[in-house]
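Visitor: sequence and predicted structure, then a few things I'm wondering about:
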Amino acid sequence: MKTVLFVCTHNSARSQMAEGLLRHYAGDRFEAFSGGTEPGSLHPLAVRAMAEIGIDISEQRSKSVDAFVGQQFDFVITVCDQARETCPVFPGATQQLHWSFSDPAAVEGSEHDRLDAFRRVREEIAVRIRRFISEQAVGEAEESRS
């Protein structure tokens with residue numbers, strides 16, 4: 001099983017949603033984790049946006065990426081630009097990738113407007129996760145033919 005660490009600044013929304021989505025779509029093929037460079041707490045609107053599509057991340061907790069230093073990962077994926085600049089190096093990672101998503105927690109306005117921002121980012125992440133899973137399946141198929 002391949003291991004993936006998603007990293008963002010606060011580990012409160014984007015990386016948490018990415019972790020939940022990867023587990024949901026391909027938990028039999030990937031072990032997903034998430035951490036933050038400056039961990040905060042799980043954002044309630046991230047939990048709500050994910051629950052709307054049947055994925056429960058309410059038991060996930062914000063963690064520091066420092067908790068994962070020394071562990072081996074097949075992929076370390078930063079999901080915000082600030083984390084890309086401050087993420088520690090994971091020497092054992094096969095690949096370090098960067099997927100830039102806007103911060104839904106930065107959106108101001110009504111609760112409806114803010115929830116819509118979380119929904120938009122959730123869908124962007126879901127599209128990227130599905131593409132990642134597909135790319136990995138193609139790569140594995142090519143390796144097995146070699």
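Guide: Here it is on my side, so go on.

Visitor: all strands in the protein, in order from the N-terminus.
Guide: Secondary structure of the chain (DSSP state E): strands located at 2-8, 30-36, 75-78, 95-98.

Visitor: and the last one, which strands flank it?
Guide: In this case it means strand 95-98. Partners of strand 95-98 in the sheet, by DSSP bridges, are strand 75-78 (parallel).

Visitor: helices and strands of this structure: which one has the lowest mean pLDDT?
Guide: When the helices and strands of the chain are compared on mean pLDDT, DSSP states H and E, helix 81-86 comes out lowest with a mean of 69.

Visitor: longest helix in this structure, please.
Guide: Determined from DSSP state H, the single longest helix within the chain is helix 111-145.

Visitor: against residue 30, how distant is the residue lying closest to residue 26 once chain neighbours are set aside?
Guide: Spatial nearest neighbour of residue 26, chain neighbours left out: residue 133 (4.8 Å); criterion: Cβ to Cβ, 6 or more residues apart in numbering. Any C-beta I mention is one placed from the backbone N, CA and C, and that applies to glycine too. Distance from residue 133 to residue 30, counting by Cβ to Cβ, to the nearest Å: 8 Å.

Visitor: just want to know which of the two has more residues nearby.
Guide: Counted by other Cβ atoms under 10 Å, residue 133 and residue 30 do not tie: residue 30 has more neighbours, with 19 against 16.

Visitor: that one reaches residue 2, doesn't it?
Guide: Yes: Residue 30 lies in contact with residue 2 (Cβ atoms under 8 Å); the separation is 5.3 Å.

Visitor: and the gap between the closest residue to residue 31 other than its chain neighbours and residue 75?
Guide: Of all residues not flanking residue 31 in the chain, residue 3 sits nearest, at 4.8 Å (Cβ to Cβ, 6+ apart). Using Cβ to Cβ, residue 3 is found at 7 Å from residue 75.
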